[in-house]
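Q: this one's sequence-less:
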C-alpha cells in the first residue's frame, strides 16, 4: 500500500470508528432522562434533540434540484457526501458510542442504514398516551397564562376545550400523533427487531433493571449508573418548542404516578387504545 493510500485508509478509519445508536419515542415519555442517564457512561455520547437527521434529509431532498446534479445523476457521490456529513459532524466527539436523538428516526431507518452500512439499534421511549396528553395539558395551562402555544396559533377553535386540545395533539401533524404514527409505521415496515421500547413507567420505577435490559439489547458492556444523581448534560432552548421546562429533568429517578384522570377526566380513557407497545411481539422492557 502506498503512503497516500495508507493516509486515506487511516483517515477513513478515524471518521468511521464510532458506533451509532438512535433514540426516539413519544414526547413527554422520558427520552431526555434516558439520554442523561446514558451520558453517565464515559464511553457514551447522547445528544439533546439533534438536527443531524434534518441536515441529511435537506441535502438528500434537494440534491437533484441542483442543475448540474439533475442533468448528470450520481447517486454514489450523493451517498458519500451524506456519509461524510454524518461522520464529520461527530468527528470532534471523543466517545466512541453515539446516541442521536430525534423523533423522526423511525421514519428514516432506510436512510441511516444506507449511510452506516448497518441498521442501527433504536431506543424508543413511550408512556401511557393518556398521561402524555395530561402532561401537555398541564404545560398548556402554565404557558397560556402569559403566552400562546404553537397549537393555539394553528388550531384556535379546537384548543378552547380539553377534548379539542387532546385531539389536536393526536393529529399526524402534531407532536404526539406524529411520533405515534412514525413508530407504528416502522414496526409495519419490519424494523421491530432493531427497536427497543422503554416505558416511562418502568424507567422511573425500576431504572436499574431497565438499563440492564438496554445494555443487553445494545450489546454494550454494562455500566453502573447513579440514579440518585443524574446530572443534566443535554441542553435545549425550550422556547423554540413553544413550552418552558419541556426538557428539564429531576436529579433523582423516582416513580411518577399516573394522573391523567385528575387532569383530563374520564373521557380520555379512549386514548388508552393507542398504547400499542403492550401488544405481543413488540420488543420492550416489559418482556423481562
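A: Nice, thanks for sending it over. Note that the coordinates shown come from a computational prediction; the quantities given were computed from them, not determined experimentally.

Q: distance of residue 191 relative to residue 64?
A: 27 Å (CB to CB, to the nearest Å). Using the backbone N, CA and C atoms, a C-beta is placed for each residue, glycine as well.

Q: compare those two and say which is more crowded by neighbours.
A: Legend: neighbour count by other CB atoms under 10 Å for residue 191 and residue 64, higher for residue 191 (17 against 13).

Q: for that one, give me its contacts.
A: By CB atoms under 8 Å, 6 or more residues apart in numbering, residue 191 lies in contact with 106, 109, 119, 122.

Q: now swap in residue 230 and tell me
A: Contacts of residue 230 (CB under 8 Å, 6+ apart): 33, 36-37, 40, 249-253.

Q: give me the subset of these lying in helices.
A: Mapping these onto helices (DSSP state H) picks out 33, 36-37.

Q: ranking the residues you listed by neighbours, who comes first?
A: Within the ones in helices among the contacts of residue 230, most neighbours by other CB under 10 Å means residue 37, with 25 neighbours.

Q: low-confidence stretches in the stretch 151-288 of the chain?
A: The stretch 151-288 of the chain contains residues with pLDDT under 70 at 237-247, 280, 286-288.

Q: one more pass at 50, please.
A: Nowhere does the stretch 151-288 of the chain drop to pLDDT under 50.

Q: how about the strands in it?
A: When assigned using DSSP state E, counting those that start in this stretch, the strands of the stretch 151-288 of the chain occupy the ranges 195-199.

Q: now do the helices in it.
A: Here the stretch 151-288 of the chain has its helices, by DSSP state H, counting those that start in this stretch, at 162-169, 175-188, 200-205, 207-218, 238-241, 260-264.

Q: who's in contact with the third one?
A: Just to be clear, that refers to helix 200-205. Taking CB under 8 Å, 6+ apart as the rule, helix 200-205 contacts 29-30, 33-34, 125-128, 131, 209-210, 253-256, 258, 285-286.

Q: list the buried ones in it?
A: For helix 200-205, a neighbour-count test (16 or more other CB atoms under 10 Å) marks 200-204 as buried.

Q: turn the residues you listed into JSON lines, columns for distance to residue 187.
A: Output for the buried residues of helix 200-205, formatted as JSON lines (distance: CB to CB, whole Å):
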{"residue": "200", "distance to residue 187": "19"}
{"residue": "201", "distance to residue 187": "20"}
{"residue": "202", "distance to residue 187": "19"}
{"residue": "203", "distance to residue 187": "20"}
{"residue": "204", "distance to residue 187": "24"}
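
Q: once you drop chain neighbours, what's closest to residue 281?
A: Nearest residue to residue 281, sequence neighbours excluded (CB to CB, 6 or more residues apart in numbering): residue 192, at 7.1 Å.

Q: what do you get for residue 131?
A: residue 260 (4.9 Å).

Q: check residue 73 too.
A: Of all residues not flanking residue 73 in the chain, residue 64 sits nearest, at 7.4 Å (CB to CB, 6+ apart).

Q: thinking again about what came up before, out of the buried residues of helix 200-205, which is nearest to residue 23?
A: Of all the buried residues of helix 200-205, residue 203 has the smallest distance to residue 23: 12.5 Å, by CB to CB.

Q: show me which of the contacts of residue 191 are buried.
A: Neighbour counting over the contacts of residue 191 (16+ other CB under 10 Å) leaves 106, 109, 122 as the buried ones.

Q: which of those residues fall in strands?
A: Among these, the residues falling in strands (DSSP state E) are residue 122.

Q: can I get the buried ones among the contacts of residue 191 in a markdown table with pLDDT?
A: Shown next, in a markdown table, are the buried ones among the contacts of residue 191 (pLDDT from 0 to 100):
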| residue | pLDDT |
| --- | --- |
| 106 | 98 |
| 109 | 96 |
| 122 | 98 |
